[in-house]
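Undergrad: build me a model:
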Amino acid sequence: MVLSQRRGYLWLAAGLIVALLAGLMAFIFLQRAALAPQAAQTVARVPALFATKDIPVHTPLTAADVEVRQVPAELLAQDTLAAPEDAVGMLSTTGIAAGEAILSRRLIAPDYVGPRVALSMAPDQVAIAFGAEDLLSTLDVYQAGDHVDIMVSLDPDKGGSGPEAPLQTLTALQDVRVAAVMRNSAAEGKQGSVRAILLAVDPQDALMLKHFRDAGAVADLALRSPAAEGEFDVNPVDTDYLSSRYDIVSWRGAR
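TA: Sure, this is the predicted structure:
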């Protein structure tokens, strides 16, 4: 009988141990389940800029094109923008899909100056280069975003030297935007000298200017005021114009 009582106590103790272990496991499981949402809430979130709609290439971004979202930092590229003011007014250099993060590498300033100048030009324009031979270029007056008029003088005979020479001076194009000012390399801390002026023009106008250049025309740029609007009313200048304006009788007689 004593032996059977001992066996009963052993089974009772074993049952208690199993119950205690089961309770402990349940407690641990409940603790983990309660802490899981808290752990999820501790994931670092940062503000990031996202596109609210599809943005085509070469489109100026507006405030309506972007929105700020709070997202886990580890999901973002290093150059993801965080504030609308970092993107508004910039040009897209590639298409950006709705819901896509706005990256600085895909934007460019409208007045960008550098080797990727084509990205800041209108799609229906091309860039042409004018060497920095004119006086205003050597004085380093031009800046990207300025507007200029292109003046040319052309002597079809290339040999006349008197009043009879058919020299024509005219304004070939007006209100042309300076796309970039290209400079020579310079020592550290100093700005290089102007090498060329890049102008954004219509493709047909680019062909016309090339024809002038190939025909031996001499070209100069005239800087326009930022307040200037439209085109100036100017007339081509030749010996007839000068004779009439200044009443040069000898030139009239020479004809």
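Undergrad: domains of this protein?
TA: Residue ranges for the structural domains of the chain, counted by automatic domain parsing, are given in the record as 45-108, 117-254.
Undergrad: and the longest one, average pLDDT?
TA: Averaged across domain 117-254, pLDDT comes to 83.
Undergrad: and for the first one?
TA: Mean per-residue pLDDT for domain 45-108: 91.
Undergrad: quick one: the helices in the stretch 51-200 of the chain?
TA: In the stretch 51-200 of the chain, the segments counted as helices under DSSP state H, counting those that start in this stretch are 135-138.
Undergrad: who's in contact with the residue nearest to the spatial centre of the chain?
TA: Centrality entry for the chain: nearest residue to the mean C-alpha point is residue 108, 2.1 Å, by Cα atoms, centre = their mean. Going by Cβ atoms under 8 Å, 6 or more residues apart in numbering, residue 108 touches 90-91, 93, 116, 119-120. Backbone N, C-alpha and C define where each C-beta goes, glycine included.
Undergrad: again, but for residue 63
TA: Remark: with contacts taken as Cβ under 8 Å, 6+ apart, residue 63 is in contact with 84, 88.
Undergrad: if I look at it, how far off is residue 48?
TA: 16 Å (Cβ to Cβ, to the nearest Å).
Undergrad: what of residue 143?
TA: Residue 143 is 34 Å from residue 48, by Cβ to Cβ.
Undergrad: the more surrounded of those two?
TA: Applying other Cβ atoms under 10 Å to residue 143 and residue 48 shows that residue 48 carries more neighbours, namely 21 against 12.
Undergrad: specify the local secondary structure of the more buried one.
TA: strand (DSSP: H, G, I helix; E, B strand; the rest coil).
Undergrad: quick one: neighbours of the residue nearest to residue 61 when sequence neighbours are not counted, just the number.
TA: Distance criterion Cβ to Cβ, 6 or more residues apart in numbering; nearest residue to residue 61, sequence neighbours excluded, is residue 87 at 5.0 Å. If you count neighbours by other Cβ under 10 Å, residue 87 ends up with 24.
Undergrad: touching, residue 87 and residue 49? I think so.
TA: Yes - taking contacts as Cβ atoms under 8 Å, residue 87 lies within contact range of residue 49: 5.9 Å.
Undergrad: what do those two both touch?
TA: Common neighbours of residue 87 and residue 49, using Cβ under 8 Å, 6+ apart, are 66, 81, 102.
Undergrad: residues near the first one, how many?
TA: Neighbours of residue 66 under the rule other Cβ under 10 Å: 21.
Undergrad: now residue 172: how far from residue 96?
TA: Summarising the geometry, the distance separating residue 172 from residue 96, computed by Cβ to Cβ, is 38 Å.
Undergrad: more crowded one of these two?
TA: Just comparing residue 172 and residue 96: by other Cβ under 10 Å the higher neighbour count belongs to residue 96, 25 against 17.
Undergrad: residues touching the residue nearest to residue 123 when sequence neighbours are not counted, list them.
TA: The shortest distance from residue 123 to any residue other than its chain neighbours is 5.9 Å, reached at residue 58 (Cβ to Cβ, 6+ apart). If a contact means Cβ under 8 Å, 6+ apart, then residue 58 has 91-93, 119, 122-123 as its contacts.
Undergrad: out of those, who has the most neighbours?
TA: Most surrounded of the contacts of residue 58: other Cβ under 10 Å gives residue 92, at 21 neighbours.
Undergrad: show me what that one is bridged to.
TA: Bridge pairing for residue 92 (DSSP bridges) gives the partners residue 107.
Undergrad: what about residue 223, how many residues close to it?
TA: For residue 223, using other Cβ under 10 Å, the count is 15.
Undergrad: okay, buried residues for the biggest strand by length in the chain please.
TA: Scanning the chain for the strand with the most residues, using DSSP state E, yields strand 168-183. Judged by neighbour count using 16 or more other Cβ atoms under 10 Å, the buried positions of strand 168-183 are 168-174, 176-182.
Undergrad: can you give the distance of it from its chain's centre?
TA: Its chain's C-alpha centre and that of strand 168-183 lie 21 Å apart, by Cα atoms, centre = their mean, to the nearest Å.
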